[in-house]
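K.L.:
Sequence first, then the predicted structure:
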Amino acid sequence: MSASAASGPGGGTIGRAEIRRIAAGDAFSGLDDEALEALLARGRIRSLQPGETLFHLGDPDRDLLYIVYEGRIELIDAQSVITSQEPVALLALSSYFDDEPYSLTARAARPTQVIEVPFDDVRELEQGYPSLADALSRIIADRIRANSWQHRGSPTGALSLQARSVMTTPLTYRRPDCTLAEAFALMDERRIGSLAVLDETGALLGLATIRTLARAVFTHGLSTEASVAEAAERFTAITPETPLSEAQDIQAREGVRYLVVMEGERPIGMISQTNMLHAVLAQQTVMRERIGRAASLDELRTVAAEVSYVAREAWNNNREASRAAYLLSEYHLQLQRRCIDLALAELRDEGLGEPPRDYALLVLGSLARRESLINPDQDNAIIIADTPPGETEPRALEPAEAAWFEAFTERVNTRLDELGYAWCKGGIMARNLGYRRRLSEWREQITTMALYPSQTAGRWCNIFLDLELLYGDEGLVADLWAHVIDELGTRPRLLRFLAGDDAEGQPAVGLFNRLIRSSDDAGKGRVDIKRKGLRIIANGARIYALSAGVRETHTVSRLKALRREGILTTEMVDAVLTAHEELLDLLLTHQIEQHQGGEAPDKYIDPTSLDDLTRQSLATSMRAVKRFQDRVQGVFGL
């Protein structure tokens, strides 16, 4: 059997012409010729006569992936609704991903040929051909996205606004006689990211951006005197009545930053991601002002009690759950910073005076990643400057200095607890001496862990290495991060222990891809969305980011940076991001409902409480998490 002309027992052969035709199908877009030929080489051609059934609804799957490459297959669901699949189409993907019985009946509508490829062969080929794994990751992302859009309700708040209410207008444009140099100068002068190119009749030819201008000159070698029309790329249009929620979906689906608002054939404005962000942030201003005006802990607690309202508004105003979580995290951080202001005022009133050295209070974990939801606990630490003000040489803390920082961190952690941010059960708080250190001591600890990595070090780093500034001197945080990146760049073996710690948590999907429910008392019979899904994605993104010297801590930003650097493929990142959004959306919605119902928010979801589409999305998302964890363990695992 050859890769170019595969054959199997009882079947025909797959020749070069068929391979070229199959490669042209959407199902295999992005799949390189070598991977496709390897896949088809494992295949067996099967011929079907009109009316002959390939498989029946409810039958156990046969561990075969089907490629329709001649004829037509009718798919019949439980309600007898028929849809048709013509070449080139993939069948039985649900069974491949989820090992579920067939959810449809597949029947030939006319003489048809399919290629049958055993699942075990597909799984083996995924390991050897990244483009095949990427193609399947893309399919997973599309499935999650399709189900997710169907089960989400209509948006309210800022995202229910129409495009006309937030668009930039009038549209900035130039004619084709404008040069590339002139277009760049205009965009630079006006600080805009895009420029419409209109012909003499006012018809829109395309959009020029800083990126397309640079590509025209530096990649295609055009003169700066060439027409700006040479840098105009296709545009995506919406109407003035398009809701911002739909505009946001279009941007995400098509991977564009700018949308042109068209009234008939006439372009009247532009919407960018910045426009939508400003619309959402405008609704956060009142809450920020209320937090800033709070003059006591009691007043601050009154604002903090509205967390479910803030969460609901953030969710309503953002189509992507990660954006809602980001805004909700910012709300928590604003509350905590104001709480620290009040704690410092208390210390001054008690005669303890001002801080004896510069310092940086750190926030760790999900709040540092801007992924906290309703009720985060405390995960914090403090960096204290090595050198006191007015001195040039570093030295240890004097007893009076140490006493001030001990009193300060004790007061901060106590007041945060009183505000509603519970003590960290693991003791990861600045009041504890192990998390209250000078910069040189933190640097030494990182160096020691990199030199002598261990399971304990890996677990500690998976907690600590999302650190961000909560309050104080940003320069201390920057210095520590620079040291972390440098040490891990020189001694990357520690990353293997981070991966080993991650491997102790498995996605909530097991044999036959059934959802695994928790057996512990707190979540018995339910799925742990955080530990079995979101945390695994965050861990993998952290490990990859640290290996690449990426400073970001926000999981979505880390993954996008890894895609930009070419470390992870677009398809892999898209699948992981889509699963991340779905899981975060499920958990945020669940916690909002719990909090508004007077229950303590938790991280467990009962699959039986979900509708069919949402349950399918949950299972498919966990499958995407599993694929990502397998990739991480394959690269970094011990």
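P.N.:
Received it, and whenever you're ready, just let me know what you need.
K.L.:
Give me the three-state assignment for residue 106.
P.N.:
At residue 106 the chain is in strand, as set by DSSP: H, G, I helix; E, B strand; the rest coil.
K.L.:
Repeat that for residue 197.
P.N.:
strand.
K.L.:
measure residue 503 to residue 399 for me?
P.N.:
Look at residue 503 and residue 399: by C-beta to C-beta, to the nearest Å, they are 45 Å apart. C-betas here are computed from N, CA, C, even on glycine.
K.L.:
Show me what stretch 343-359 is in contact with.
P.N.:
The contact list for stretch 343-359 (C-beta atoms under 8 Å, 6 or more residues apart in numbering) reads 382-385, 387-389, 397-398, 400-401, 404-405, 407-408, 411-412, 415, 472-473, 475-476.
K.L.:
To clarify, my last question referred to stretch 136-146.
P.N.:
Stretch 136-146 is contacted by residues 30, 90, 93, 97, 126, 253, 569, 571-572, 574-575, 577-579, 582, 616-617, 620-621, 623-624, 627 when judged by C-beta under 8 Å, 6+ apart.
K.L.:
switch to 6 Å and redo it
P.N.:
By C-beta atoms under 6 Å, 6 or more residues apart in numbering, the residues outside stretch 136-146 that reach it are 571, 572, 574, 575, 578, 582, 617, 620, 621, 624.
K.L.:
quick one: contacts for the first one?
P.N.:
By that I understand residue 571. Taking C-beta under 6 Å, 6+ apart as the test, what residue 571 contacts is 134, 137, 138.
K.L.:
now do 8 Å
P.N.:
Residue 571 neighbours (C-beta under 8 Å, 6+ apart): 30, 133, 134, 135, 137, 138, 141.
K.L.:
Give me the nearest residue to the fifth one, chain neighbours excluded.
P.N.:
Distance criterion C-beta to C-beta, 6 or more residues apart in numbering; nearest residue to residue 137, sequence neighbours excluded, is residue 575 at 3.8 Å.
K.L.:
Can I get the helix or strand encompassing residue 500 as PDB, trimmed to CA atoms?
P.N.:
Using DSSP states H and E, residue 500 sits within helix 494-503. Provided in PDB are the C-alpha atoms of helix 494-503 (Å, rounded to 0.1, in the frame of the first residue of the first chain):
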ATOM      1  CA  LEU A 494      11.900  23.600  36.600                       C
ATOM      2  CA  LEU A 495       9.200  23.900  34.000                       C
ATOM      3  CA  ARG A 496       9.000  20.100  33.900                       C
ATOM      4  CA  PHE A 497       8.000  20.100  37.500                       C
ATOM      5  CA  LEU A 498       5.300  22.700  36.900                       C
ATOM      6  CA  ALA A 499       4.000  20.300  34.200                       C
ATOM      7  CA  GLY A 500       4.300  17.400  36.700                       C
ATOM      8  CA  ASP A 501       2.200  19.300  39.200                       C
ATOM      9  CA  ASP A 502      -0.400  20.100  36.500                       C
ATOM     10  CA  ALA A 503      -0.600  16.400  35.500                       C
END
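K.L.:
how distant is it from the center of its chain?
P.N.:
21 Å (C-alpha atoms, centre = their mean, to the nearest Å).
K.L.:
Check which helices and strands it sits against.
P.N.:
Here helix 494-503 touches helix 455-464, helix 474-490, helix 535-547, helix 612-636, going by 3 or more C-beta pairs under 8 Å, 6 or more residues apart in numbering; DSSP states H and E.
K.L.:
before we move on, back to that, what's the PyMOL line that selects buried ones from the contacts of stretch 343-359?
P.N.:
When burial is assessed using 16 or more other C-beta atoms under 10 Å, the buried subset of these is captured in PyMOL by this command:
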select buried, resi 382+383+384+385+388+397+401+404+405+407+408+411+412+415+472+473+476
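K.L.:
Now the buried members of the contacts of stretch 136-146.
P.N.:
571, 572, 574, 575, 578, 582, 617, 620, 621, 624.
K.L.:
most neighbours per residue, which of the helices and strands packed on helix 494-503?
P.N.:
helix 535-547 (a mean of 24; mean count of other C-beta atoms under 10 Å).
K.L.:
Beyond that helix, next helix or strand please.
P.N.:
Moving toward the C-terminus from helix 535-547, the next helix or strand (DSSP H and E) is helix 555-564.
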